[in-house]
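>>> The following block contains a protein sequence and its predicted model.
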Amino acid sequence: MVRRKGEKPSRRMAETVAVADDASSMPSESSRLLRIKKRSSAKRFFGVSAIIVILLLAGWFTTKLALSGWNVSGDSIWKNLFSLTGTQLVGEESGRVNVLLLGIPGSGPGVEGPDLTDTVMVASLSTSNQTGFLFSLPRDLYVKIPGYGNSKLNAVYEIGNSQDTTPGTTVQEVVGEVLGLDIPYYVRVDFSGFAKLVDDLGGVTVEVAKDLYDDQYPTADKGYEIVDIKAGTYTMDGEMALKYARSRHSTSDFDRAKRQQDLILAIRSKAMELDLLTQSTKVLAMVDTLQDSFETNMNLGEIKRALELVKGFDSAQLTTKVFDDSATGLLYGTRVDEVYVLRPVGDDFKTVSDYVAQVVSGSATVEELEGEVATEPLKVEVLNGTNTTGLAGKIAGELKTSGYDVVQVGNNTTKGFVKTIVYDLTGGERIWEVRRLASTLQAEIGEDEITTTSGAQARVVLGSDSAS
């Protein structure tokens, strides 16, 4: 057993105590010296043994940390060993702890872009009222990387690691800027590590809300296989859980993010069921099996404390949010240099960070905020700029299904449009919604000033590209 603090008196102190204790009986000088010598020898033996045990444990911990991806220097290993209790996480004092969760493919046969993050999620936990949030950001989010330029979010971890000496620093900063949160910690796991974790837990129970069918799920030999999971409740092993988390060709990245959140909660639930969150030795044993699949900047004491916090949370008090391009998602799709990306509404991430600030502070709930956003759908008029009969009615029906308020359908005064054009009629007040509409139709934003008597806030003039 390793003691947190040495409780043995020094040799000099031991001898002093021995002399003081023997003074009352006044034995002979030789017997007193003999007793002191025996005690000192025992102390020396115990002290040397303790040092050897500590060194062996330090070596063991250092090896496990290195294998598991922890970045711990030789100087800090001692701090980690003797501070496994009483550790306070960054943010606890102010009442909120934020951890970035990253999922990457990892190296392996047929893997392209092993360090691109398919999963970007932030767990934000309040230490004062035991509530928490899971925020998921899409891989196509267009962000600014310090010292580099603009890129999709899924490349930030890889780009940042090529620039930084400390892994994870850049992606923590970028995601923190998007959400308006200070994110001191990150945890990264690759696909194989995720599957191993689920298997080590003995599988996880997941309720599949709707059928999932994907005939283009990638295989290690760069081929495809079919993933067919019907709605229902399953105990998923690692392989099935990974497919459920990764599949996206028949749905969307946003649906996938929601499934990933469900799996995170299922893993926590199983860990609670097995009482793992209070048994750090078992957690370390599981981490040992992950080896290079796992990486974090948290030390052992911080991990132990994080497990204690997670254990105390009621999953019913955990709110999940996937930022997407829906009416309440606060993002819209567009193209930059012919590449599809997602931007924040109003082209300002303050829209997102203000939303996060309100929900984490408790000043508004997700339901309240999304109710406000969805109160008044954008009013749209749809005009046919082609000679294809019925095209305006067809597209108008699709827009109504998507939640738009179509106030007029008809023919444009001029024909021959090849590209569909969307015009903003709000004077810029709802330009982000107009851009989202243009993205939905894969249309261009018109620059001409347009007036209308229909009360529409956006005009869609359909081109022949809409007929295909």
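On my side now, so go ahead.

>>> where along the stretch 101-250 of the chain do the strands fall?
For the stretch 101-250 of the chain, the strands defined by DSSP state E, counting those that start in this stretch occupy 119-126, 132-136, 142-145, 149-152, 185-190, 204-208, 212-218, 224-229, 232-236.

>>> any idea how this structure splits into domains?
Per automatic domain parsing, the structural domains of the chain span 11-68, 96-373, 379-467.

>>> which non-adjacent residue is nearest residue 184?
Leaving out its chain neighbours, the residue that sits closest to residue 184 by C-beta to C-beta, 6 or more residues apart in numbering is residue 90, at 4.0 Å. Just so you know, the C-beta spots here come from the backbone N, C-alpha and C atoms, and that holds for glycine as well.

>>> which element follows the helix or strand hosting residue 352 toward the C-terminus?
Per DSSP states H and E: residue 352 is located in helix 350-361. Counting by DSSP H and E, the element after helix 350-361 in chain order, helix or strand, is helix 366-373.

>>> Identify the residues contacting residue 389.
Contacts for residue 389 (C-beta atoms under 8 Å, 6 or more residues apart in numbering) come out as none.

>>> what about it, distance to residue 411?
10 Å (C-beta to C-beta, to the nearest Å).

>>> what does residue 365 give?
The gap separating residue 365 from residue 411 is 45 Å, by C-beta to C-beta.

>>> Neighbour count: these two, which is higher?
Neighbour totals were compared for residue 365 and residue 411, and residue 411 leads with 15 against 12 (other C-beta atoms under 10 Å).

>>> Could I get the pLDDT score of that one?
pLDDT, residue 411: 96.

>>> My read is that it contacts residue 392, right?
Yes: here residue 411 reaches residue 392: they are 7.0 Å apart, a contact under C-beta atoms under 8 Å.

>>> any common contacting residues for those two?
With contacts defined as C-beta under 8 Å, 6+ apart, the residues adjacent to both residue 411 and residue 392 are 383-384.

>>> So what's the residue count around residue 454?
The local packing of residue 454 (other C-beta under 10 Å) involves 15 other residues.

>>> Equivalent analysis for the one 4 residues further on, please.
The number of residues packed near residue 458 is 26, by other C-beta under 10 Å.

>>> Equivalent analysis for residue 337, please.
Using other C-beta under 10 Å as the criterion, the residues surrounding residue 337 number 5.

>>> follow-up on the earlier one: export the strands of the stretch 101-250 of the chain as a markdown table, with columns for mean neighbour count.
Below are the strands of the stretch 101-250 of the chain laid out as a markdown table (neighbours: other C-beta atoms under 10 Å):
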| stretch | mean neighbour count |
| --- | --- |
| strand 119-126 | 23 |
| strand 132-136 | 23 |
| strand 142-145 | 18 |
| strand 149-152 | 14 |
| strand 185-190 | 22 |
| strand 204-208 | 17 |
| strand 212-218 | 16 |
| strand 224-229 | 14 |
| strand 232-236 | 14 |
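
>>> between those strands, which gets nearest to residue 440?
strand 142-145 (17.3 Å; C-beta to C-beta).

>>> counting contacts, what elements does that closest one pack onto?
Here strand 142-145 is seen to pack against strand 149-152, helix 156-163, helix 169-179, strand 339-344 when contacts are counted using 3 or more C-beta pairs under 8 Å, 6 or more residues apart in numbering; DSSP states H and E.

>>> Show me what the third one is packed up against.
Helices and strands touching helix 169-179, as assessed by 3+ C-beta pairs under 8 Å, 6+ apart, comprise strand 96-104, strand 119-126, strand 142-145, helix 156-163, strand 185-190, helix 350-361.

>>> what's in contact with the third one?
It stands for strand 142-145. Residues from elsewhere that reach strand 142-145 (C-beta under 8 Å, 6+ apart): 150-153, 156, 159-160, 170, 174, 177-178, 336, 341-343.

>>> where along the stretch 351-468 of the chain do the helices fall?
For the stretch 351-468 of the chain, the helices defined by DSSP state H, counting those that start in this stretch occupy 366-373, 391-401, 431-441.

>>> Go through the ones you listed and pick out the most buried.
helix 431-441 (a mean of 22; mean count of other C-beta atoms under 10 Å).

>>> Surely residue 380 is in contact with residue 462?
No: look at residue 380 against residue 462 with C-beta under 8 Å: they stay out of range, at 11.9 Å.
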